[in-house]
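Student: What follows is a predicted protein model with its sequence.
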Amino acid sequence: MAIYDITFHPAWWHKRTGVSFDKKFFLNPDYRIQADMLMRRFLFENFPEIYPSESYMVQPRPLIDSDLLAGEYLQAQLLGCDILFTDDNLPEVQCAHLTDAQIEALSVPDLDHSTVWAMYEKQMKTLISRFGHVESYLDLCGVQNLAFALRGQELFIDYYENPRLAHHLLTVCTQTLIAVADRLRQYTSHISTGVSSILGKTAPQAYLTSNCTVDMISADLYETYLMPYDIQLAEHFGVFAVHHCGMHCERFAPLYRKTPNLVWLEAGAHSDFHAVRSACENSWLNLRYSPQNLLCESIPEIQENVRSQFSSASFEKRNDFTSMSCVGIDVNTPDQNVIAFCRAIQDIPQ
């Protein structure tokens, strides 16, 4: 059986369980722990084919953020972005649209004197005092993701018209990512399952960077502007993983392959999985299945697409370096489609 994972959209959780994802979910450990147990109990009771063990939902977990969600916000918040919290959505980063002068003045936040960081560090200390450890599911973000949140679409103009300013912004973003991750590692050894929880089953020791926005630029621009910073992350953390949820991971896979210490790559739905596997044959490959497809396809279509996608990404006709996730499952997706998806992967030999 191949390894797989599913993650539901917050609107799904809110409708099915009543859990709210406003500020209290992210800032109140007691509410979050109770919500987490409610969510896991719901999965166990409604999807026994997927979660067959009652132990899955019994014990409270000392978690900060949640591996049942996928969303990034903390690093942008630390650098001054406003965050919109709502009952049925992920925390939404409001673009800061920094001016040239504001970027010139931008620096890595001092976590020891940051009121934002203090809110999260206090939670981790509280959880450790109560449970003896903490499970961090805070998203580690990505270099361009963070730069885009701060600058907006002007970032892409900067690449052509103001490279020096772009590099300053990317440098601050990279150093901020490192500072936050290093601080998290003081509390827990596994820090990278905030955006792709399946990493915990496949490469828990890796540092994962989120390259969600990389599909918006060319491979040449990635190589010139972003690859040097991904290499910095890879060299700093030693074991490296890349989350690329865009539709064209094959355009960047040959460059990702050049990144030192790359052990794991996630390719977005509708990517050419065969081309990605050919470029990164020695790395674990996690395939993203489209939640829109899962919503709209028939069960036979889901079964066939799962099989064909695994086949296209197989490594030397084996699947022991391949897994699959469907993340952000829509609130209107029929339960039988979710079950069919999981069963189809369970039938994949490994």
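Tutor: Cool, the structure landed. Residues are numbered from 1 along each chain as shown.
Student: roughly how far apart are the residue nearest the centre of the chain and N145?
Tutor: Nearest to the geometric centre of the chain sits V195, at 1.8 Å (CA atoms, centre = their mean). Distance, V195 to N145, by CB to CB, to the nearest Å: 10 Å. Backbone N, C-alpha and C define where each C-beta goes, glycine included.
Student: Mutual contacts of the two, please.
Tutor: Common contacts of V195 and N145 (CB atoms under 8 Å, 6 or more residues apart in numbering): E72, S210.
Student: got a pLDDT number for D320?
Tutor: Listed pLDDT for D320 reads 77.
Student: Would you confirm that the residue nearest to the centre of the chain contacts A70?
Tutor: Yes: assessed by CB atoms under 8 Å, V195 is found in contact with A70 at 5.0 Å.
Student: Determine the residues that are contacts of both of these two.
Tutor: Residues touching both V195 and A70 comprise D139, with contact defined as CB under 8 Å, 6+ apart.
Student: Next, L287: secondary structure please.
Tutor: The three-state label given to L287 by DSSP: H, G, I helix; E, B strand; the rest coil is strand.
Student: nearest residue to it other than its sequence neighbours?
Tutor: Closest residue to L287 apart from its sequence neighbours, by CB to CB, 6 or more residues apart in numbering: M324 at 4.6 Å.
Student: The one you found: what's it in contact with?
Tutor: Counting by CB under 8 Å, 6+ apart, M324 touches A2, I3, Y4, D5, N286, L287, R288, Y289, V306, Q309, F310, I345.
Student: So which of those residues is the closest to L43?
Tutor: Ranked by distance to L43 (CB to CB), the contacts of M324 are led by D5 at 12.0 Å.
Student: so which strand or helix has the closest one?
Tutor: Here D5, judged by DSSP states H and E, is contained in strand 3-8.
Student: Show me what counts as buried in that strand.
Tutor: I3, Y4, D5, I6, T7, F8 (16 or more other CB atoms under 10 Å).
Student: The last one and C326 touch, don't they?
Tutor: No: the pair formed by F8 and C326 falls short of the contact definition of CB under 8 Å, at 9.3 Å.
Student: before we move on, the earlier item: distance check, the residue nearest to the centre of the chain against Y207.
Tutor: The gap separating V195 from Y207 is 12 Å, by CB to CB.
Student: what is in contact with those two at once?
Tutor: The contact sets of V195 and Y207 overlap at L140 (CB under 8 Å, 6+ apart).
Student: For the host helix or strand of A181, which helices and strands make contact with it?
Tutor: Secondary-structure element containing A181, defined by DSSP H and E: helix 163-184. On a contact count with 3 or more CB pairs under 8 Å, 6 or more residues apart in numbering; DSSP states H and E, helix 163-184 meets helix 74-78, helix 100-104, helix 115-131, helix 143-151, helix 154-161, helix 227-237.
Student: distance between the longest one and the chain's centre?
Tutor: Relative to the centre of its chain, helix 115-131 is centred 22 Å away, using CA atoms, centre = their mean, to the nearest Å.
Student: What's the mean pLDDT across the helix or strand just after that helix?
Tutor: Later in the chain than helix 115-131, the nearest helix or strand by DSSP H and E is strand 135-137. Mean pLDDT, strand 135-137: 95.
Student: that older thread, from the buried residues of strand 3-8, which is closest to F315?
Tutor: I3 (13.6 Å).
Student: who's in contact with that closest one?
Tutor: Contacts of I3 (CB under 8 Å, 6+ apart): I198, K201, T202, S323, M324, Q350.
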